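Q: sequence and predicted structure, then a few things I'm wondering about:
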Amino acid sequence: MATHLAAVCVGKGRPFEVQTRPTPRPGPDEILIEVKSVAFNPADGQMRDSGLFIPNYPTVIGFDVSGLVLEVGENVPIKAKNGDPGPFFQPGITRVAAFAASFWRACDPGYGAFQERCLVPWQHAVPLPDTGISWNEAATLPVAVEVPLNAWNIMGIPRVGEVNASSISTASIGADTSGETQGIEKRKREALLIWGASSSVGTMGVQTARLLREDRDSSFTAVYATAGAANQKYIESLGADRVFNYKEPQVVDSIITMAREDGLVIRHCFLATGELAPCQAVLKAFLGHGEEGENQKAKIGSAPVVSPDAAEVHGIETIFVLPSMDEEERLAQFQYWLGTWLREKLANGTIRPSPEPRVVGKGVGAINAGLDMLLRGVSCTKLVVEVAE
């Protein structure tokens, strides 16, 4: 029986132990990945240290992974048929980045990222371009892309190119839409706010928001973001129009004042990391503006889990960003986010891996220390372990 090494989670609050595990075979709609690199997310630390989401031990956790497809199960698309645009997964050939599915498999250890072999539903994976993206860069992509794209979905923001008449009307600020150009100018009067843009999901939030801003039919004409002073230039390079230092005591007032000077309103915020209250304070300042008046709700898509003790603000809805718990719906979501959207954007160069990866070790034995480093705090970097060459 084939075996491989894994960083095994043996109990709540205990360090991972490197153990040998039997290598599983992929079932229907699954691929087996030879793991090359893994990247860390805050949820990894919560799972290891507090047992969040883990029903049974031992298990293997981790979400962000890149690697080579080794085997495929039944129904996995391998090559084009009848004009099928893909994605396709050829054993021994296709390089992928993937969002590991342990969470949706009751933490079955075969589906965790922190090991040398990992099972993944093919819908959770994106084939990588032949050149231009390293294993380490690829490992930074899946969670960083999924979270903001999901946030736009749950806040009701139409995908690029999918704006319809009703969504335009809902988002519009002015009532006069006579003439196509004038109507577009009237509609594009919103700034989209990314709070915590220096985090990995925040940097990708800025990149995806930039594409929304560039969509001529969307209501967004600017991307606002918050970041520490040292990272502001980098966030601007990703597409933010204005970047505010979240450490300044008057940052909320600064954002509100600038939006008003720009003639914009802020009704949507992606909270990538940080506190909820400042986001609520910004959005509250713009409630009741525009033709919809008090009936227009502002929305916050929150990547951090929303505390049950969080204050509620009338007119502002806060939604925790989580993929659907319905299996069929979730697979369709991931297939679009990764297999369609990300694959296309990587191919045409409109999205790049962000932030820069920082290698903190090699082999699964380095995963504990890398996760400890993440939990001590990092900014505008994605910590990565190189599992294999």
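A: Alright, I've got the coordinates. Numbering: from 1, shown residues only.
Q: angles on the backbone of residue 257, please.
A: Taking degrees, to the nearest 10, you get phi -60, psi -40 for the backbone angles of residue 257.
Q: nope, residue 138 is what I meant
A: Per-residue torsions, residue 138: phi -60, psi -40 (degrees, to the nearest 10).
Q: numbering from 750 from now on, please.
A: Will do, 750 is the new start, and the previous item becomes residue 887.
Q: residues contacting stretch 1060-1074, please?
A: By C-beta atoms under 8 Å, 6 or more residues apart in numbering, the list of residues contacting stretch 1060-1074 from outside reads 853, 895-896, 899-900, 903-904, 1025-1026, 1029, 1032-1033, 1036-1037, 1043, 1045-1052, 1054-1055, 1059, 1079, 1082-1083. Heads up, the C-betas are built off the backbone N, CA and C, glycines and all.
Q: quick check: residue 975 is in a strand.
A: Yes. Using DSSP: H, G, I helix; E, B strand; the rest coil, the assignment for residue 975 is a strand.
Q: pull the helix or strand with minimum mean pLDDT from this protein.
A: Lowest on mean pLDDT, DSSP states H and E among the helices and strands of the chain sits helix 914-920, with a mean of 37.
Q: what's the spacing between residue 1030 and residue 761?
A: 36 Å (C-beta to C-beta, to the nearest Å).
Q: more neighbours: which of those two?
A: Neighbours of residue 1030 and residue 761, each counted by other C-beta atoms under 10 Å, are more numerous for residue 1030; the result is 16 against 13.
Q: test my guess that that one contacts residue 1001.
A: Yes. Using C-beta atoms under 8 Å, residue 1030 is in contact with residue 1001, at 4.7 Å.
Q: my guess is residue 1019 contacts residue 899. True?
A: No. In this structure residue 1019 lies outside contact range of residue 899 using C-beta under 8 Å: 10.0 Å.
Q: nearest residue to residue 795 in space, please, no chain neighbours.
A: Excluding its sequence neighbours, the residue lying closest to residue 795 (C-beta to C-beta, 6 or more residues apart in numbering) is residue 801, at 4.4 Å.
Q: and the one you found, how many residues sit next to it?
A: Neighbours around residue 801, by other C-beta under 10 Å: 15.
Q: coming back round to it: more neighbours: residue 1019 and residue 899, which one.
A: Per other C-beta under 10 Å, whichever of residue 1019 and residue 899 has more neighbours is residue 1019, with 30 against 21.
Q: pairing partners for the helix or strand harbouring that one, with directions?
A: Element membership of residue 1019, judged by DSSP states H and E, is strand 1014-1020. Paired neighbours of strand 1014-1020 in the sheet (DSSP bridges): strand 939-944 (parallel), strand 1047-1051 (parallel).
Q: pick the most buried one from those strands.
A: strand 939-944 (a mean of 28; mean count of other C-beta atoms under 10 Å).
Q: contact partners of that one?
A: Contacts of strand 939-944 (C-beta under 8 Å, 6+ apart): 920, 922, 951, 954-955, 958, 961-962, 968-975, 989-991, 995, 1004, 1008, 1011, 1013-1023, 1027-1028, 1031-1032.
Q: other SSEs contacting the following helix or strand past that strand?
A: Following strand 939-944 in sequence order, the next helix or strand is helix 949-963 (DSSP H and E). Packing partners of helix 949-963 (3 or more C-beta pairs under 8 Å, 6 or more residues apart in numbering; DSSP states H and E): helix 890-903, strand 939-944, strand 969-976, helix 981-987, strand 1014-1020.
Q: just the CA atoms of the first one, as PDB, please.
A: What follows is the C-alpha trace of helix 890-903 in PDB, where atoms were taken according to Å, rounded to 0.1, in the frame of the first residue of the first chain:
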ATOM      1  CA  LEU A 890      -4.500  31.800  -4.500                       C
ATOM      2  CA  PRO A 891      -7.500  29.600  -3.600                       C
ATOM      3  CA  VAL A 892      -8.700  31.000  -0.300                       C
ATOM      4  CA  ALA A 893      -7.700  34.500  -1.300                       C
ATOM      5  CA  VAL A 894      -9.800  34.400  -4.400                       C
ATOM      6  CA  GLU A 895     -12.800  32.500  -3.100                       C
ATOM      7  CA  VAL A 896     -13.500  34.700  -0.100                       C
ATOM      8  CA  PRO A 897     -13.900  38.100  -1.900                       C
ATOM      9  CA  LEU A 898     -15.700  36.600  -4.800                       C
ATOM     10  CA  ASN A 899     -18.100  35.000  -2.400                       C
ATOM     11  CA  ALA A 900     -18.400  38.300  -0.500                       C
ATOM     12  CA  TRP A 901     -19.600  40.000  -3.700                       C
ATOM     13  CA  ASN A 902     -22.100  37.200  -4.300                       C
ATOM     14  CA  ILE A 903     -23.600  37.300  -0.800                       C
END
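Q: could I get the average pLDDT for that helix?
A: Taken as a whole, helix 890-903 has an average pLDDT of 98.
Q: touching it from outside, list them.
A: 788, 790, 812-815, 846-848, 873, 875, 908, 949-950, 952-954, 957-958, 961, 1019, 1021, 1050, 1052, 1068, 1070-1072, 1082-1083, 1086-1087, 1090-1091, 1100, 1102-1103, 1131.
Q: of these, which belong to strands?
A: The strands, defined by DSSP state E, take in 788, 813, 814, 815, 846, 847, 848, 875, 1019, 1050, 1068, 1131 from the contacts of helix 890-903.
Q: closest one of those to residue 980?
A: Nearest to residue 980 among the ones in strands among the contacts of helix 890-903, counting by C-beta to C-beta, is residue 1131 at 13.2 Å.
Q: so that closest one sits against residue 1109, correct?
A: No. In this structure residue 1131 lies outside contact range of residue 1109 using C-beta under 8 Å: 10.3 Å.
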